[in-house]
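1. Got a predicted model here, sequence first, then my questions.
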Amino acid sequence: MNALIPSFDFQRIFIAPWTSGFETFGWIVLMGFLVTAACGLVGNFLILRRMSLVGDAISHSVLPGLAVAFILSQSRSTTAMFLGALAAGIVTTVLIELIHRKSRVKQDAAIGIAFTSLFALGVILINLYAGKGGVDLDQECVLYGEIAFVPLEPPVMIGGQSFGPTPVVRMALVAAATALLIAFFYKELLVSSFDPALAVSLGINATLIHYALMSWLSVVVVSAFESVGAILVIAMLILPGATATLLSHRLPVMLGLTLLHAAVSAVLGMHLALWLDCSPAGAMVVAGTVLFKSAWIFNPTDGLLRRWFWTRLEKPVIEAT
């Protein structure tokens, strides 16, 4: 039993990270929050559009875009990564729409065809070319990421002042841009998500909003690759919004709950990773799952526990009548 579950040391797990280890663990928690917040904010609109699987598709199908960008540029430059991922995300979206609209294939099947085909192509490209010509692209890093290495990255220096590790600063800019874009285009996103026909009647280009959302989703996903990879980012796209959906039906409240979910899951996940000596990104997703299940069970208005309680309460009344 002791081999499966490590001993619990409250001082090492809960106190030391915020005192002697804050320089390291503080950046890990901040990065986890920024990734989950950016993914969760975009994920809310995917859930509203019943397109959560599109996030899954894009998170996998940007792999060939990254591989092609590395091969062509012969470098790991951020610009090449973003352009390659953005192009792959747009291609994925267009391919899904073409298969769905120009054939009798349903949308879920079209998503499955698109992302599995492009993901397989990306794996082949990495195996064939990514290790040649001086370009080293680690497929395990792309798939799983490693948020624990974030504090070791070189800092961003402006005017002799350090603003933190480069991945954290980059993710902070992406998260801030995500929040600003949602605030600026809130009406367009809201109307087109609930009723595209109404959006068109109001003069909103629902098709343009759709492709813009998918393009920005690609940017968010590739920004998260370095820390959480293509696999765990799927959970971070869906879990915060799904948890918020259980707790509220108002979109502004849901967006606020998404940020709260991101903060709590990042902190709890870091402590869980210290206890179990496992991947911090994976532990953050597990913590987010626990929050989702807690909202599902203990939701005071529509939770499983409340339903069970009222069922037991109403049963004697029905029998008495």
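-> Nice, thanks for sending it over.
2. Flag the shaky bits of the stretch 201-321 of the chain, pLDDT-wise.
-> Low-confidence segments of the stretch 201-321 of the chain, defined by pLDDT under 70: 226, 229-231, 312-321.
3. show me where it has helices.
-> Assigned by DSSP state H, counting those that start in this stretch, the stretch 201-321 of the chain shows helices spanning 206-247, 251-276, 280-298, 304-320.
4. a markdown table for those, including distance to Met157 and mean neighbour count?
-> The way it works is simple: take the backbone N, C-alpha and C, and place the C-beta from them, glycine included. As requested, the helices of the stretch 201-321 of the chain are arranged in a markdown table below (distance: least, Cβ to Cβ, whole Å; neighbours: other Cβ atoms under 10 Å):
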| stretch | distance to Met157 | mean neighbour count |
| --- | --- | --- |
| helix 206-247 | 19 | 23 |
| helix 251-276 | 26 | 20 |
| helix 280-298 | 26 | 20 |
| helix 304-320 | 51 | 10 |
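5. now those as TSV including distance to Thr79?
-> Formatted as TSV, the helices of the stretch 201-321 of the chain follow (distance: least, Cβ to Cβ, whole Å):
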stretch	distance to Thr79
helix 206-247	11
helix 251-276	27
helix 280-298	25
helix 304-320	48
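6. for the ones you listed, which one sits closest to Val29?
-> Val29 lies closest, by Cβ to Cβ, to one member of the helices of the stretch 201-321 of the chain: helix 251-276, at 5.0 Å.
7. Check which helices and strands that closest one sits against.
-> helix 22-48, helix 206-247, helix 280-298 (3 or more Cβ pairs under 8 Å, 6 or more residues apart in numbering; DSSP states H and E).
8. could I get those as a markdown table with distance to Tyr186?
-> Listed next are those as a markdown table, based on distance: least, Cβ to Cβ, whole Å:
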| stretch | distance to Tyr186 |
| --- | --- |
| helix 22-48 | 10 |
| helix 206-247 | 11 |
| helix 280-298 | 24 |
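9. and of those, who's closest to Val91?
-> Relative to Val91, the nearest member of those by Cβ to Cβ is helix 206-247, separated by 9.8 Å.
10. Can you give me the buried ones in the helix or strand harbouring Gly164?
-> Secondary structure from DSSP states H and E places Gly164 in strand 161-165. Neighbour-count burial for strand 161-165 flags 164-165 (criterion: 16 or more other Cβ atoms under 10 Å).
11. Give me the distance from it to the chain's centre.
-> Centroid separation for strand 161-165 versus its chain: 25 Å, with Cα atoms, centre = their mean, to the nearest Å.
12. coming back round to it: relative to Ser193, which of the helices and strands packed on helix 251-276 is closest?
-> Nearest to Ser193, of those and by Cβ to Cβ, is helix 22-48 at 4.2 Å.
13. Nice, that's everything, thank you.
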